[in-house]
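Colleague: with the sequence up front, the predicted model follows.
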Amino acid sequence: MIGAQGSQYQFRASRWLSRCEDNGMKSKISKSSLALFASFIMWMFAMSNAHALICYVGEDTSATAESVTLSTIAYLKGTANGDRIWESQTYNRTVTCKSELRDSKTEENLYVYPYPRRGTQQLPEGVKLGLIFDGDDLGIFNADGDVYASRVATKHIIEKGQTKSLQISFKVYLVKEGEISTQGMSDLTLFQLDGVNSLKDKNYAFSINGWDNIGSVSCDTAITSKNATISSIDTDKALAGTASEESALASIKINCSSESANVLSNIKSVNGTLRVNGTAFSGNSSYFATDKTGLGVGLSYDGTSLAPAGTKSVSVPVSAGVASQDLTFTLKPYLTTSLALGNPAWLFTDEAQAINSTMTMTFTPQSLNIH
C-alpha cells in the first residue's frame, strides 16, 4: 500500500522524467545516472513507509471501515457553548495490527489520527467531536493543520514484524461550540488507526453519518402553583411528626418546537429543575412557615424532601412536543409549641381553621430525553 508521502515521491519522479523527455534530455542521461536516480527514488519511497501498520477488525483483513448512524440528537436552544450534548455507547473492538517496519527501529506505537480525510470531507459547524479511547479522554478534535501533527499515541505498541491482536474501546461525544449546522453533510471519518508516519487508504477507520438527525428545540414552559393548605391536623401526630396528607399543588405545561419534525417527534420527556420558594419555619428551617403559631409544614415530592428554596430534578413526559403534568406533594404538619390550656389559641377554637403556607414554584428545562 502506497502512503501519502510515497505517492508524492512517485509523482515528483514521473514529473522529472517528463521534463527530461520534453527537453530532449532522455538520450543524454547515462544508464548509471538513471540507475542512481531510480535507487534514490526507491530509497525515498521506502523511507516514507518505514513506519507502517496494517490494522483491521478481528481476522478479516478487509474489515477496515466501520460507520454508525447518529440517532436523534435533540438539544435545548440556548444550551451553553462548551456543553456536551451527546455521547455514544462504548464500542469494544478486537483489532489486529501488523507491523511493516523497514528501518532500524524494533517497535512502533499505534496512533489515533483525528479527521484523516479532513481535506475531502465536510465538517459540522458549531459542534466539536471528542473521543474517549481506552478510557482516556483525548479531548475534542481540531481539523486545522496537518493530519500527522494532530495524531495521538495510544498505549499499544507493536514490535517489528509482529501481528498483534488488540482489545480497544472508545466512545464518541459532541460538544456544542456555537449554532450547529450540519447541512450538506454525509459521512465523516472521525478517526483512523495507523503507525507514526503512515496513513494508509485502507486501515481501520471509524465514521459517523446521519448528521441530519441533530436539531435544536425550543420549549416554552408554564407552571401554576398554589399555596399549601391543610384543612385540619391530628395534634398527637403533628407533635410526633407523623401526620401527612397529599395535595396537588402545581401543574406544569410545556410546548416545544423545532425546525426538524423528526427531532420533535422523538422527544420523550423534558428534564428540568423544580424550585419551591417560601418562608422557612422559625422552629426548623427544613420546614415552611404557616399562618399558625408554632406550626410548620414539611414538603416532599416523589420521596424527596424540599426545604424553602429547595430544588429537585423532574422529568415531564412529552408527546408531539406537548406536555401537561400535575405535581402532587406530601405535606407534613410539624407542631413544636408546648401545649397548654388555650395555647396556642388557634388550636382551641370551636371552629376548625384551615392551615396555610405560602409557596411559589418554578420549573426550568435543562435537557431532553429521546429514549
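Modeller: Looks like it arrived, so ask away. Residues are numbered from 1 along each chain as shown.

Colleague: now what about stretch 297-308, what contacts it?
Modeller: Defining contact as C-beta atoms under 8 Å, 6 or more residues apart in numbering, one finds that stretch 297-308 is touched by 228, 230, 274, 276-281, 285-288, 290, 312, 314, 327-334, 355, 357, 359. Where C-beta positions appear, they are placed from N, C-alpha and C, glycine not excepted.

Colleague: could you rerun that using 7 Å?
Modeller: Outside stretch 297-308, the residues that touch it by C-beta atoms under 7 Å, 6 or more residues apart in numbering are 228, 230, 276-280, 285-288, 290, 312, 327, 329-334, 357.

Colleague: again, but for stretch 230-237
Modeller: Here stretch 230-237 has contacts from A243, E245, V297, L331, P333, L335, L347, A352, A354, I355, using C-beta under 7 Å, 6+ apart.

Colleague: ends of it, what's the gap?
Modeller: From its first residue to its last, stretch 230-237 covers 14 Å (C-alpha to C-alpha, to the nearest Å).

Colleague: what comes up buried for that stretch?
Modeller: I230, I233 (16 or more other C-beta atoms under 10 Å).

Colleague: state the mean pLDDT of that stretch.
Modeller: For stretch 230-237, the mean pLDDT works out to 78.

Colleague: for A38, give me the pLDDT.
Modeller: Per-residue pLDDT puts A38 at 46.

Colleague: right, I mislabeled it, should have said R15
Modeller: pLDDT, read off for R15, is 47.

Colleague: sticking with the residue most central in space within the chain, tell me its helix or strand.
Modeller: Centroid check for the chain by C-alpha atoms, centre = their mean gives W86 as the closest residue, at 2.8 Å. Here W86 sits within strand 84-87, counting by DSSP states H and E.

Colleague: now for that strand, which elements pack on it?
Modeller: With contacts defined as 3 or more C-beta pairs under 7 Å, 6 or more residues apart in numbering; DSSP states H and E, the packing partners of strand 84-87 are strand 73-76, strand 163-181.

Colleague: repeat the analysis, applying 10 Å as the threshold.
Modeller: Here strand 84-87 touches strand 73-76, strand 125-133, strand 163-181, strand 214-225, going by 3 or more C-beta pairs under 10 Å, 6 or more residues apart in numbering; DSSP states H and E.

Colleague: any idea what the residue nearest to the centre of the chain is bridged to?
Modeller: Counting by DSSP bridges, W86 forms beta bridges with L174.

Colleague: state the distance from it to V314.
Modeller: Distance, W86 to V314, using C-beta to C-beta, to the nearest Å: 22 Å.

Colleague: touching, N356 and N227? I think so.
Modeller: Yes. The pair N356 / N227 is scored as a contact, 5.5 Å apart, by C-beta atoms under 10 Å.

Colleague: what's the overlap in contacts for the two?
Modeller: Common neighbours of N356 and N227 are listed as T290, D291 (criterion: C-beta atoms under 10 Å, 6 or more residues apart in numbering).

Colleague: which stretches of the stretch 1-150 of the chain form strands?
Modeller: Here the stretch 1-150 of the chain has its strands, by DSSP state E, counting those that start in this stretch, at 53-57, 65-69, 73-76, 84-87, 91-99, 107-114, 125-133, 136-140.

Colleague: save the ones you listed as TSV, and put in distance to G215 too.
Modeller: Shown next, in TSV, are the strands of the stretch 1-150 of the chain (distance: least, C-beta to C-beta, whole Å):
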stretch	distance to G215
strand 53-57	32
strand 65-69	15
strand 73-76	6
strand 84-87	11
strand 91-99	24
strand 107-114	25
strand 125-133	12
strand 136-140	21
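
Colleague: now the contacts of stretch 297-308: which count as buried?
Modeller: Buried subset of those (neighbour count, 16+ other C-beta under 10 Å): 228, 230, 276, 278, 286-288, 290, 312, 327, 329-334, 357.

Colleague: pull the CA atoms of stretch 122-132 into PDB?
Modeller: Extracted C-alpha coordinates of stretch 122-132, given in PDB (Å, rounded to 0.1, in the frame of the first residue of the first chain):
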ATOM      1  CA  GLN A 122     -17.200  18.400   5.200                       C
ATOM      2  CA  LEU A 123     -17.200  19.000   9.000                       C
ATOM      3  CA  PRO A 124     -20.200  20.200  11.000                       C
ATOM      4  CA  GLU A 125     -20.400  23.800  12.100                       C
ATOM      5  CA  GLY A 126     -20.900  24.800  15.700                       C
ATOM      6  CA  VAL A 127     -20.000  21.400  17.200                       C
ATOM      7  CA  LYS A 128     -16.800  19.600  18.000                       C
ATOM      8  CA  LEU A 129     -16.300  15.900  18.200                       C
ATOM      9  CA  GLY A 130     -14.300  14.300  21.000                       C
ATOM     10  CA  LEU A 131     -13.100  10.800  21.700                       C
ATOM     11  CA  ILE A 132     -12.600   8.600  24.800                       C
END
